[in-house]
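Q: Got a predicted structure here, sequence first:
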Amino acid sequence: MISFGVAPAVLGFTLGLRGGWDMLCLIYFVVCGVSRLARFNVTAEALSDRETGKVKYFEGTPIPTSIVIVALLGAAFQLGRFDENFWFGAYRIGPIVLHPFALVYVASGSAMVSTVRIPKP
């Protein structure tokens with residue numbers, strides 16, 4: 001949970017996703033990661049193959065897919081696209097700020113808690 005849930009959120013915050021809406025997106029991502037892991041632990045037995053005992057598919061994307069976000073943040077850092085230079089800028093919505101890049105966290109979190117079945121290799 002720390003490596004693939006909290007760490008990407010902390011990296012995003014550290015690189016400049018500090019607006020109020022940004023923090024809401026980051027918290028949503030972490031909560032989705034916790035929910036994803038909890039659901040997998042609860043349903044793993046029910047989803048497993050009777051013969052092998054292995055799960056045939058994932059429900060929602062696995063939490064390690066958050067490595068894609070870490071790679072994007074690494075690229076942003078390498079290219080100097082952090083803080084006030086973050087990709088896609090920043091917008092004031094009401095009294096607080098949103099960096100559109102924070103919506104990548106929302107998309108990833110939503111994919112984790114979705115019920116889409118992804119075949120397991």
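A: That came through fine. Residues are numbered from 1 along each chain as shown.
Q: Buried residues in the helix or strand of the chain with the lowest mean pLDDT, which are they?
A: Least confident helix or strand of the chain, by mean pLDDT, DSSP states H and E, is strand 57-59 with a mean of 83. Across strand 57-59, burial judged by 16 or more other CB atoms under 10 Å covers 58-59. The C-beta positions use only the backbone N, C-alpha and C, and glycine is treated the same way.
Q: just checking, what packs against that strand?
A: If you count contacts as 3 or more CB pairs under 8 Å, 6 or more residues apart in numbering; DSSP states H and E, strand 57-59 packs onto helix 20-47, strand 117-119.
Q: from those, which stretch is densest packed?
A: Compared across these, helix 20-47 shows the largest average neighbour count, a mean of 16 (mean count of other CB atoms under 10 Å).
Q: Could you give the average pLDDT over that helix?
A: The average pLDDT for helix 20-47 rounds to 91.
Q: Can you get me a residue count around L103?
A: When neighbours are counted by other CB atoms under 10 Å, L103 registers 14.
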